[in-house]
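1. Sequence plus the predicted model coming up.
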Amino acid sequence: MTTFDASRTELRVIQSGVATFFGRPLADPGHLDGVRCAIAGIPWDEGNAGRNGANMGPRAFRDVSSWFLGYDAQRDFDLWEALPTADVGDIPVVPPNAERTMQLIEEHVRSVRERGILPLSVGGNHALAIGAARGAARTVPRMGYLSVDAHLDTAPSWAGEIYSSGCPTMRATEIPNVDPANVVVFGVHGWLNPRDQVRAAAEAGVRWFGMDQIEENGVERSIAEAIEQASDGVDGLYVSFDLDSVDASAFPGTGTPEPGGFSARETFKIARALGRAHPIAVDLVEIAPMYDLSGISTRLACGVALEILAGVCSR
């Protein structure tokens, strides 16, 4: 009798099997021998300054990522051969306790980094970057912080709450081994950046690139300058990619969609450039699938992840 082993076939039913990030093996974070990149979901959506729903981002990302292979035909490059990657599950967030959740995220990123593995966090709203950046910073003497975002996120707090989605850039400036001169926001645009956050950025020493400036100088030149500023004199770069920086026509599935953002192709160029900067940790945030029934937003987020990881491999 002939047996059929579906795991050995080149073609498969895309919707079959248990959904993991890009079909990568599900692994215990404590047992990652041979792994170079660990992808974790962070279904966090508390302290949200926009529309809710980003807590469903990791689950939607896993499902949609099954439509992506690790092979790039244009470059004849197999990502998973070059960068063995595992899905390490979700961080056990505690919705009533933001401080505890940030501690859990921080400890996860720190422990993965200390094993020489790249942590990639899939969110979840932007507040999760507070814990993730703190964890990454504990693994290097000096760290830079580069956020791709339509919004400055330099609010000191939200009515005293310091772990809101409008605060991660400001929290990054407060990390002891992060010089605010190495904190950069790239892609600021729209009518949702209040004057007090512009002033707070200036007072803290945060540098930011507005969309008008980027358009005038070109995306590739501008992201190169942003990386140079964030990386100047540091031992590692943290990258936070808020997907509301992408134009709302290409990424409607987010809590604060903004018209006038990056096109899909520009977004991929930015992502690959960031990967080539060899970040020590990365997050992708503000994926809110409930606002995009077509699924194009989550597909673009998957593409961003692949472009960053390919860049890490210097491709």
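-> Thanks, I have the structure now. Just so it is clear, the model here is predicted, and its values are computed rather than measured.
2. Setting the sequence-adjacent residues aside, check what's closest to residue 136.
-> What sits nearest to residue 136 in space, not counting adjacent residues and going by Cβ to Cβ, 6 or more residues apart in numbering, is residue 281, at 3.9 Å. Every residue, glycine included, has its C-beta placed from N, CA and C.
3. give the contact list for that neighbour.
-> Contacts for residue 281 (Cβ atoms under 8 Å, 6 or more residues apart in numbering) come out as 109, 113, 118-121, 132-133, 135-136, 238-239.
4. what bridges to it?
-> residue 238 (DSSP bridges).
5. how close does residue 72 get to residue 247?
-> Separation of residue 72 from residue 247 (Cβ to Cβ, to the nearest Å) stands at 24 Å.
6. for residue 211, same thing?
-> Taking Cβ to Cβ, one finds residue 211 at 10 Å from residue 247.
7. any common contacting residues for the two?
-> Listed as contacting both residue 211 and residue 247 by Cβ under 8 Å, 6+ apart are 260-261.
8. Quick one: the strands in the protein, in order.
-> Using DSSP state E, the strands of the chain run over 37-42, 71-72, 77-78, 85-90, 118-123, 143-148, 183-188, 207-210, 236-242, 281-285.
9. sorry, back to before: comparing residue 72 and residue 247, which shows the higher neighbour count?
-> residue 247 (21 against 14; other Cβ atoms under 10 Å).
10. residues in contact with the more buried one?
-> Shown in contact with residue 247 (Cβ under 8 Å, 6+ apart): 258-263.
11. Tell me what it is bridged to.
-> Beta bridges link residue 247 to residue 258 when assigned by DSSP bridges.
12. For residue 262, see how far away it is.
-> Remark: distance between residue 247 and residue 262 (Cβ to Cβ) = 6 Å.
13. can you check residue 174 too?
-> Distance from residue 174 to residue 262, counting by Cβ to Cβ: 28 Å.
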